[in-house]
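One predicted model, sequence on top.
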Amino acid sequence: MNAILIVEQALNGLQLGVMLFLMAAGLTLVFGIMNLVNLAHGSLYMVGAYLATHFMQTTGSYALGVLFGLGGTLVVGILVEVIALRTLYERDHLDQVLATFGLILFFNELVAILWGRNAIYSSLPQFLSGHVEILPNLNYSLYRLVIIAVGLLVAGLLWYVVTHTRLGMLIRAGASNRTMVAALGVNIRLLYTLVFGFGAALAGLAGLLAAPIFAVQTGMGELILIQVFVVIVIGGIGSIRGAFAGAVIVGMVDTMGRAFLKPTLATVISPSAADSAGPALASMLIYLLMAVVLAIRPQGLFGSRGG
Amino acid sequence: MKRGTTLLIGTLLLFAAIPPIAGWLNEPFYLDLFRRVMIFAIAAASLNLILGYGGMVSFGHAAYLGVGGYAVGILAHYGIDNGYLQWAVAIGASAVVALAIGSISVRTSGIYFIMITLAFTQMLYYLGVSIEEFGGDDGLRLARRSQFGDLLDLANPTLFYYVVLAILVLVVFAIHRLVNSRFGMVIRAARSNEARTQAIGFSPYPYRLAAFVISGAICGLAGALLANHTSFLTPDFMHWTRSGEIMFMVILGGIATSAGPVLGASVLLLLEDLLSAWTVHWQIILGPFLVLVVLFARKGLAGLLARDERHG
């Protein structure tokens, strides 16, 4: 285990972390403001990945792919909100979970009909592929660095919007007392649709960034969605700061666990036992972390509401 | 007799009549289909205990199907196929897992509870995927069904069918008795008003945790039955969509009613069977159907068919 390897894995962890943050930000905003549990958030991630890959392949332009991926997810998100989810805001969480579970089935099957059940692959344009030497003897993928940069940029932008603009003020006001905000003459319906579409576009962004790294296939959204749940439970539901902290923690712990748990275990127990226990423990690590955080702070690291 | 009870008894009698009908039509497939329906009805009934009566929205009930199933599968893997032992271990192991998950998750409520139960189930799912000894992703074959000596031979499909039916009847009856007992009153009271329940001197936590464990144990039994039914185990027993399906059965049938889980499991699985025979893309119909049920048929089938029932 040397320093180069640790730095490389730390960067991988950060990259996974910012990706989780892009997803978690939308989910936690929608929950904080509309009190809506949206399982179909993972489907929006999938839609973003598919649309971007599809348009990249048909137009041959990376920029157009990104544009259609983002715009398409925004439109899909707004349609979903207006058609199905709007009526669910006043319902209990059970109804929301079930209805959005139904939406997941629908989207997964729709994607299977349009693009088939096999994974499709997107390729990187010339200017984003390759490696750069960030430390002596450490060549790191340029694209992963770009993902980290985009993620941090979006996080900063989001922080600015939420804390320093009129829209952000409305969002915070809506989260703490929506009846009051509506009574003050704000079009709360429009605000909800806007926030939802915005969250959807962020999920789409995460999806299109992930497309060249992971396989683009049906069900890809749910894999990340459940990790995102862990992120926002750890960070505290409804908190953007919590989402960021939780995302980086989960990204790091997951990546480090997969990279180093097996060799570390091998020094303590027999190598063959470590061979089987290592991967099993590594894939369970973030859930164990969540259990520990909840046992100590049930409302999450930055959460204000306890239940 | 209440209409809900009539409905329940009617459905159970229909189940009892399936083997002769399937034999008469020479369609053994129906035996298989309805046995599966009844096993899921047991799982749904166990979820209904905590979700319907206790107000605990567990999005991880498939975990206990998996634990129960793997208890049978792993014992059989090591050559132990005594059914009494296998089923006892299935129930016991599920209860222990439910106690571990419950002791953390029952302390929370609402959205946290949903996400935590989901995340723990996902953890068990990945555990199942990563242990190569028991087949990992490829699954584990069950060489023989659970053995009960000369008393019962589960290799006989009709006999196995009636065993599952008997267990279903027993489970539905036991849960009915439980929710109408003092214990059941407390968990129902805690659902409708926690502060008041505390004010009259009950701490809801131990009651809720006990209900959670009982529910997990019953679902573990359903898992043992399911492993025997399919003779094949994969981590997909614990897939999160499984949890969603069981939850949907409860809602579709009618939450907090005795007949609900039985009706819901029947309708959902028969509908899935019909749709999948018609098109491979059946989920594109099932998904929106689910959304529509949630939006417009909140009380479920038992609520629609038996409006006069007061249950909780």
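Nice, thanks for sending it over. Everything numeric here is computed off the predicted structure, so don't read it as measured data.

All the strands of the stretch 1-150 of chain A, residue numbers only.
Counting by DSSP state E, counting those that start in this stretch, the stretch 1-150 of chain A forms strands over residues A:131-135, A:138-141, given from the N-terminal end onward.

Please enumerate the strands of the stretch 151-300 of chain B.
Secondary structure of the stretch 151-300 of chain B, counting by DSSP E, counting those that start in this stretch: strands at B:152-153, B:232-233.

Could I get the average pLDDT for the first one?
Taken as a whole, strand B:152-153 carries a mean pLDDT of 86.

out of the strands of the stretch 1-150 of chain A, deepest packed?
For the strands of the stretch 1-150 of chain A, the largest average neighbour count (mean count of other Cβ atoms under 10 Å in any protein chain shown) is found in strand A:138-141, namely a mean of 16. Heads up, the C-betas are built off the backbone N, CA and C, glycines and all.

Contact residues of the stretch 1-150 of chain B facing chain A?
Remark: the part of the stretch 1-150 of chain B in contact with chain A comprises B:51, B:57, B:59, B:104, B:107-112, B:114-116, B:118-120, B:122-123, B:126-127, B:129-133, using Cβ under 8 Å from any Cβ of the partner chain.

Mark which of those residues are buried, thanks.
Buried members of the residues of the stretch 1-150 of chain B next to chain A, counted by 16 or more other Cβ atoms under 10 Å in any protein chain shown: B:51, B:57, B:59, B:104, B:107-112, B:114-116, B:118-120, B:122-123, B:126-127, B:129-131.

Out of the residues of the stretch 1-150 of chain B next to chain A, name the ones that lie in helices.
When the residues of the stretch 1-150 of chain B next to chain A are checked against helices using DSSP state H, the ones located there are B:104, B:110-112, B:114-116, B:118-120, B:122-123, B:126-127, B:129-130.

Any idea which of the strands of the stretch 151-300 of chain B gets closest to chain A?
Across the strands of the stretch 151-300 of chain B, chain A has its closest neighbour in strand B:232-233 (17.0 Å, Cβ to the nearest Cβ).

re the thing from before, out of the strands of the stretch 151-300 of chain B, nearest to residue A:300?
strand B:232-233 (35.3 Å; Cβ to Cβ).

Any idea how far the closest one is from the middle of the chain?
Averaging C-alpha positions (Cα atoms, centre = their mean, to the nearest Å) puts strand B:232-233 17 Å from its chain's average.

ditto for stretch A:135-142
Per Cα atoms, centre = their mean, the displacement of stretch A:135-142 from the mean C-alpha position of its chain is 26 Å.

In the chain, spot the helix with the most residues.
Went with chain A since none was named. Ranked by number of residues, the top helix in chain A under DSSP H is helix A:3-34.

The intended chain is chain B.
helix B:204-230.

Would you pull up how far it lies from the middle of the chain?
Offset of helix B:204-230 from its chain centre (Cα atoms, centre = their mean): 8 Å.

buried set for it?
Along helix B:204-230, the positions that meet the burial threshold by neighbour count (16+ other Cβ under 10 Å) are B:204, B:207-230.

I'd like to know which elements the longest helix of chain A is packed against.
Taking 3 or more Cβ pairs under 8 Å, 6 or more residues apart in numbering or on different chains; DSSP states H and E as contact, the helices and strands that helix A:3-34 lies on are helix A:41-59, strand A:138-141, helix A:142-164, helix A:166-176, helix A:188-210, helix A:220-235, helix A:240-268.

closest to chain B out of those?
Across those (criterion: Cβ to the nearest Cβ), the nearest stretch is helix A:220-235, sitting at 4.5 Å.

so what's residue B:179 up against?
In this structure, residue B:179 makes contact with B:49, B:53, B:187-188, B:312, judged by Cβ atoms under 8 Å, 6 or more residues apart in numbering or on different chains.

Make CSV from those residues and add distance to residue A:129 to it.
What follows is those, written out as CSV (distance: Cβ to Cβ, whole Å):
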residue, distance to residue A:129
B:49, 55
B:53, 57
B:187, 58
B:188, 61
B:312, 61
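
of those residues, the lowest pLDDT goes to which?
Comparing pLDDT over these, residue B:312 scores lowest. The value there is 41.

what's near enough to touch the residue most central in space within chain B?
Centroid-nearest residue in chain B: residue B:43, 0.7 Å away (criterion: Cα atoms, centre = their mean). Remark: with contacts taken as Cβ under 8 Å, 6+ apart, residue B:43 is in contact with B:61, B:64-65, B:219, B:222-223, B:246, B:265.

Can you read off the pLDDT for residue 76?
With no chain named, the answer covers chain A. Residue A:76 is assigned a predicted lDDT (pLDDT) of 95.

that answer is for a different chain, and I need it for chain B
The pLDDT attached to residue B:76 in the predicted structure is 93.

now the one 10 residues further on
At residue B:86, the predicted lDDT confidence score is 95.

I'd assumed residue B:75 was in contact with it.
Yes: in this structure, residue B:86 sits in contact with residue B:75. The criterion is Cβ atoms under 8 Å, and the distance is 5.1 Å.

Show me which of these two is the more surrounded one.
residue B:86 (25 against 19; other Cβ atoms under 10 Å in any protein chain shown).

ok, and for the helix or strand hosting the more buried one, which residues are buried?
Under the assignment given by DSSP states H and E, the secondary-structure element containing residue B:86 is helix B:83-105. Of the residues in helix B:83-105, those buried under the neighbour-count criterion (16+ other Cβ under 10 Å) are B:83, B:86-87, B:89-91, B:93-95, B:97-99, B:101-102, B:104-105.

so what does that helix touch, helix or strand wise?
Using 3+ Cβ pairs under 8 Å, 6+ apart as the test, helix B:83-105 ends up in contact with helix A:271-296, helix B:62-77, helix B:110-130, strand B:147-148, helix B:204-230.

Kindly present those as JSON lines, with separate columns for distance to residue A:118.
Shown next, in JSON lines, are these (distance: least, Cβ to Cβ, whole Å):
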{"stretch": "helix A:271-296", "distance to residue A:118": "25"}
{"stretch": "helix B:62-77", "distance to residue A:118": "26"}
{"stretch": "helix B:110-130", "distance to residue A:118": "21"}
{"stretch": "strand B:147-148", "distance to residue A:118": "42"}
{"stretch": "helix B:204-230", "distance to residue A:118": "26"}
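
Would you mind naming what in the stretch 201-307 of chain A lies close to chain B?
Listed as neighbours of chain B in the stretch 201-307 of chain A under the rule Cβ under 8 Å from any Cβ: A:222, A:226, A:229-230, A:232-233, A:237, A:276, A:279-280, A:283-284, A:287-288, A:290-291, A:294-295, A:298, A:307.
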